[in-house]
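**Q** 3D, please:
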Amino acid sequence: MSEANSIRDRFNLAGKVAIITGASRGIGEAMARGMGEFGAKVVVSSRSQESVDAVAKDLGERGIEAMGIAAHAGREDELKALVDKTVKAWGGVDIVVNNAATNPVFGPSAELDEGAFNKIMVTNVYAPLALARAALPSMQQRGGGSVINIASIGGVTPEPMLAAYSASKAALISITKATAKEWGPDNVRVNAILPGLIKTKFARALWENEEMANEMIRMQAVKRLGVPDDIAGLAVFLASDAAAFCSGGLYVDDGGATI
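**A** Predicted structure coming up:
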């Protein structure tokens, strides 16, 4: 087999530029590290400049070219600035990972207030679309790209006490499919990863509840909590040319919870 046809080389992200939101910890940090290990230049983004600088410094010490750019996922002007700064520094954008999300409430739907609902929808639904479309012209100019939306199994199997969050992830799944159809002719692929229960600070309310965590694990085929690196490998695949024929897909990564 010639080198040009090597399956291994299709996972190579050298020369690619990736923007990853919510990347100061957890799944976002793991994906930034994973893509960097496969050769991508990585923009680490979250609300705190101090936090993203710390992650970028750590990645740099691992031999990964990375920089931190703070941006609030709920503010479209900051998302546009994130793309502009990336293009100015590194010439363009090839990969966008919409990982930033919020869930300020865990409780009955009957007690959900409008403010919390709107905040969830802006951050979890509108922001991913806003960032992806801000990066779209650069991807088109570079001949294509990959958008990866981090949804949730809650988007297909909603959980009680998480109605608004589940609804936001269902909406993100629909946006994933719609934009995949719209942007496919420009070789811009859009896919969604649906994590199950992952041991992160964001999901602490679930996995720190021993009864709830044990019930989730009981339902899974793989009898343990997920960890951020379980998601990172799948993200690297979807970002790479190994997934060149994958678009509009929903990739469940939940230990078999939704079988």
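**Q** Show the low-confidence segments of the chain, by residue range.
**A** 1-4, 202-208 (pLDDT under 70).
**Q** Quick one: the helices in it, in order.
**A** Taking DSSP state H, the helices of the chain run over residues 26-37, 49-61, 76-90, 114-121, 127-141, 163-183, 204-207, 210-219, 228-239.
**Q** partners of the longest strand along the chain in the sheet?
**A** Longest strand in the chain, counting residues (DSSP state E): strand 188-195. Strand pairing for strand 188-195, using DSSP bridges, gives strand 145-150 (parallel), strand 250-253 (parallel).
**Q** okay, those strands in JSON lines with distance to residue 125 next?
**A** (Each C-beta comes from the backbone N, C-alpha and C, glycine too.) Compiled in JSON lines, the strands paired with strand 188-195 are given as follows (distance: least, C-beta to C-beta, whole Å):
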{"stretch": "strand 145-150", "distance to residue 125": "10"}
{"stretch": "strand 250-253", "distance to residue 125": "16"}
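**Q** Just say which of the helices of the chain is most tucked in.
**A** With neighbours taken as mean count of other C-beta atoms under 10 Å, the helices of the chain reach their highest mean count in helix 26-37, at a mean of 25.
**Q** Any chance of JSON lines for the strands paired with strand 188-195, columns distance to residue 71 and mean neighbour count?
**A** Formatted as JSON lines, these follow (distance: least, C-beta to C-beta, whole Å; neighbours: other C-beta atoms under 10 Å):
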{"stretch": "strand 145-150", "distance to residue 71": "16", "mean neighbour count": "28"}
{"stretch": "strand 250-253", "distance to residue 71": "25", "mean neighbour count": "18"}
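**Q** To residue 10, which of these lies closest?
**A** Proximity to residue 10, assessed across the strands paired with strand 188-195 by C-beta to C-beta, is greatest for strand 145-150 (12.7 Å).
**Q** Next, the angle from that closest one to helix 163-183.
**A** In terms of direction (axes from the mean of the first three to the mean of the last three C-alpha atoms, to 10 degrees), strand 145-150 departs from helix 163-183 by 170 degrees.
**Q** and stretch 6-22, how far from the chain's centre?
**A** Relative to the centre of its chain, stretch 6-22 is centred 14 Å away, using C-alpha atoms, centre = their mean, to the nearest Å.
**Q** Measure how buried residue 106 is and give me the count.
**A** Residues within reach of residue 106, counting by other C-beta atoms under 10 Å, total 11.
**Q** can you tell me how far it sits from residue 70?
**A** As defined by C-beta to C-beta, to the nearest Å, residue 106 lies at a distance of 27 Å from residue 70.
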